[in-house]
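>>> Okay, sequence plus prediction incoming.
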Amino acid sequence: MGMGLFNFGIVLPGSIGIAFLLLALCWDGVARWRKADRRRQLLWRAGWIVFGVWLVTVAMFFYGIRGGMGVVVPAGIPVRAIVILGSGTPNCKASPTLIARLDQGLVQAQRWPEAKVVVSGGQDFGLRCAEADIMADYLIAQGVAADRVIREGRSTSTEENLVFSRRLLEEHGIDAGKATVVVTSDFHVRRAVGIARRAGFSEAFGVGAETPLYLRFNAWLREYFAAISSWVLREY
């Protein structure tokens, strides 16, 4: 939070930690409160059971993330497009997570020199810069030809990233049904590929960039809730 990063994956564990600290400070009073009534004791036990079950589901999700962090695209497949998904630009600068995605995108762009590169990301709340512009400038500074880069600067979600990117590629005469590489963070690959296929990228290959360690498990926790939300909203 001191670095200006606020999302559910950061705020939730912070809130749980504060709640546990308050519980420790007020432990004697809480113990007297719950022992005074049998229904309170049952409620207390039920609350801990629900919390324990939730932790198990989070652990299972984390285990699933480790097993689905992207694939190596077979060399014989003619990739015509590489889509790099945005990840936030605090103070109009690329975050470490976004830089990791861009560096992975550079690797893919070098591997497929004929492919167009779509950088996808709109304006963060309260900022006047478009994430796509910051991403494009980074890639061009690293040697990617400017005419290869397509800027998609309107999206505010993963679904919009991919829907808008598909439309731009089609405007450039590139069939989204052909092989496309989607570059994102390791934890985000599985959901991003599912959304990409629903958005019209029928042959999408997800490639994951490593998430910086200091933010990794917060990002995974955020993705836990994002995956549930995407499933409820039928995004994939």
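Right, received. Where do you want to start?
>>> any idea how far residue 112 is from the closest residue to residue 140 other than its chain neighbours?
In this structure, residue 140 finds its nearest non-sequential neighbour in residue 146, 5.3 Å apart by CB to CB, 6 or more residues apart in numbering. For every residue, glycine as well, the C-beta is placed using N, CA and C. Between residue 146 and residue 112 the distance is 17 Å, computed by CB to CB, to the nearest Å.
>>> Can you name every helix or strand that the stretch of helix or strand residue 182 belongs to contacts?
Per DSSP states H and E: residue 182 is located in strand 180-185. Helices and strands touching strand 180-185, by 3 or more CB pairs under 8 Å, 6 or more residues apart in numbering; DSSP states H and E, are strand 81-85, helix 96-111, helix 189-198, strand 204-209.
>>> Let me know the outermost residue of this protein.
Largest separation from the mean C-alpha position in the chain: residue 36, at 46.0 Å (CA atoms, centre = their mean).
>>> Could you check the angle the top helix by length along the chain makes with strand 204-209?
In the chain, with assignment by DSSP state H, the single longest helix is helix 38-66. If you take axes from the mean of the first three to the mean of the last three CA atoms, to 10 degrees, helix 38-66 sits at 100 degrees to strand 204-209.
>>> Please identify the buried residues of helix 38-66?
Using 16 or more other CB atoms under 10 Å as the test for burial, helix 38-66 gives 61-62, 65.
>>> Then stretch 220-235?
Of all the residues in stretch 220-235, those buried under the rule 16+ other CB under 10 Å are 220-224, 226-227, 230, 235.
>>> Next: stretch 177-192.
179-192.
>>> if I look at the residue nearest the centre of the chain, how far off is residue 10?
Centroid-nearest residue in the chain: residue 188, 4.4 Å away (criterion: CA atoms, centre = their mean). As defined by CB to CB, residue 188 lies at a distance of 16 Å from residue 10.
>>> next one: residue 158
Relative to residue 10, residue 158 is positioned 19 Å away (CB to CB).
>>> before we move on, back to that, between the strand holding residue 182 and helix 189-198, how big is the angle?
Orientation of strand 180-185 against helix 189-198 (the same axes, to 10 degrees) gives an angle of 150 degrees.
>>> Direction included, what does strand 180-185 pair against?
With DSSP bridges as the test, strand 180-185 is paired with strand 81-85 (parallel), strand 204-209 (parallel).
>>> For this structure, which residues score under the pLDDT cut-off?
3-4, 68-71, 125-126 (pLDDT under 70).
>>> domains of it?
Listed domain ranges for the chain are 8-66, 81-232 (source: automatic domain parsing).
>>> Please work out which of those is packed deepest.
Highest mean neighbour count of the domains of the chain: domain 81-232, a mean of 19 (counted as mean count of other CB atoms under 10 Å).
>>> out of the helices and strands packed on strand 180-185, nearest to residue 73?
The closest approach between residue 73 and any of those, judged by CB to CB, belongs to strand 204-209 at 4.7 Å.
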